[in-house]
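Asks: Model the following, please.
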Amino acid sequence: MYCDLHMHSTASDGTDPPGELPRLARQAGMDAIALTDHDTTAGVEACAAAAAALDLAFVPGIELSARLHEVSPAVGAAGPLIQGVEMHLLGYFIDPDDADLAAAQRWLVEARAQRNPRLVERLNDLGVRIGYEEVLARAGDGVVGRPHIAQLMVQKGYVRSLHEAFIRYIGEGGAAYQPKARLTAARAIAVIHDAGGLACLAHPVQLNVPDPDAVELLVRALKELGLDAIETHHSDHRQQHVEHYQTLAKRFDLLVTGGSDYHGSHKACRIGQPSLPMSVYHRLAEAAGR
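Replies: Next comes the predicted model:
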């Protein structure tokens, strides 16, 4: 029995509707899934209903964008190495109707609504002719994100792939890149806890930190802010990463989790890869009081 605790739907930047993910997960041999859309819980209700119909254990979740502003003196002189580091924090077993969580989502959506038009304007300055109304139409009812802009760039022939769009234009360091608004790590963890959930550091391999020692410093700082778990298994993690993050989980008394980070056709990863035993789900559910 297996679980995949990191999945995305069309409610954010995935390509499969939230109500379709449970069927796909069952086909992939999963017995539990978590829907962790970026900065929104809009797809949770539909996904939960579809999961219940298939007798699939379901974790209502979210993936919040955050930045570490608070560094405890306990970190010492190495604090500047991790000050300002950007990250994603997964919230598991959250109440999707929690008022504080809803307020955080509104703030992030409003910030994104200002960022994306600036990004499109910059692309136009660079000769990439894309209208913002086209981006909105591409996103539909989902949260507007850079993948929607990248899709239009591919469709119009400005780039050959989503990867090229991010590397050349809209990813960090790209010609049109615009910084993303993020919650402070303290605020994101507090929001998740206030919504009854567990706060987890997502895919630490993607952190922009200089070395493994800096990752440890970051995890220590987040633990002091209330971090509950770390994503040890992820489609981007190699075996040496898994072993390092498992060591950190033990050192800081954190739960472990993991998942594919499935986005449908936006990413090459598949549901259930890597495969996690259901014991991971059960430990998290027990910690959350479920």
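
Asks: Just to be sure, residue 121 is in a helix?
Replies: Yes: assessed by DSSP: H, G, I helix; E, B strand; the rest coil, residue 121 belongs to a helix.

Asks: quick one: it from residue 152, how far?
Replies: Computed as Cβ to Cβ, to the nearest Å, the residue 121 to residue 152 distance reads 14 Å. (Each C-beta comes from the backbone N, C-alpha and C, glycine too.)

Asks: now swap in residue 101 and tell me
Replies: Distance from residue 101 to residue 152, counting by Cβ to Cβ: 31 Å.

Asks: which residues in the stretch 101-250 of the chain form strands?
Replies: Secondary structure of the stretch 101-250 of the chain (DSSP state E, counting those that start in this stretch): strands located at 183-184, 198-201, 229-234.

Asks: just so I know, which of these lies nearest residue 129?
Replies: Of all the strands of the stretch 101-250 of the chain, the one in closest proximity to residue 129, counting by Cβ to Cβ, is strand 183-184 (33.6 Å).

Asks: Check the burial of residue 182 by counting its neighbours.
Replies: Residue 182 is flanked by 21 other residues according to other Cβ atoms under 10 Å.

Asks: cool, and residue 116?
Replies: Neighbours of residue 116 using other Cβ under 10 Å come to 22.

Asks: Next, the contact list for it, please.
Replies: Counting by Cβ atoms under 8 Å, 6 or more residues apart in numbering, residue 116 makes contact with 132, 135, 144, 145, 146, 149, 178.

Asks: Out of those residues, who's the most crowded?
Replies: Top of these by neighbour count (other Cβ under 10 Å): residue 149, with 26 neighbours.

Asks: Mind giving me the packing neighbours of the helix or strand hosting residue 58?
Replies: If you go by DSSP states H and E, residue 58 is part of strand 57-67. Secondary-structure packing of strand 57-67 (3 or more Cβ pairs under 8 Å, 6 or more residues apart in numbering; DSSP states H and E): strand 2-7, strand 30-35, helix 44-53, strand 86-92, helix 99-125, strand 183-184, helix 185-194, helix 278-287.

Asks: 7 Å instead?
Replies: strand 30-35, helix 44-53, strand 86-92, strand 183-184, helix 185-194 (3 or more Cβ pairs under 7 Å, 6 or more residues apart in numbering; DSSP states H and E).

Asks: Considering the contacts of residue 116, which is situated nearest to residue 30?
Replies: Taking the contacts of residue 116 together and measuring to residue 30 by Cβ to Cβ, the closest member is residue 145, at 25.0 Å.

Asks: can you pull the contacts of the residue lying closest to residue 31 once chain neighbours are set aside?
Replies: Spatial nearest neighbour of residue 31, excluding adjacent residues (Cβ to Cβ, 6 or more residues apart in numbering): residue 1 at 4.5 Å. Neighbour list for residue 1: 31, 277, 278 [criterion: Cβ atoms under 7 Å, 6 or more residues apart in numbering].

Asks: how many other residues sit next to residue 136?
Replies: 13.

Asks: ok, now residue 210?
Replies: Residue 210, neighbours per other Cβ under 10 Å, totals 10.

Asks: Roughly how far does it sit from residue 26?
Replies: Taken as Cβ to Cβ, the span from residue 210 to residue 26 is 42 Å.

Asks: between the strand holding residue 58 and helix 99-125, how many degrees?
Replies: 60 degrees (axes from the mean of the first three to the mean of the last three Cα atoms, to 10 degrees).
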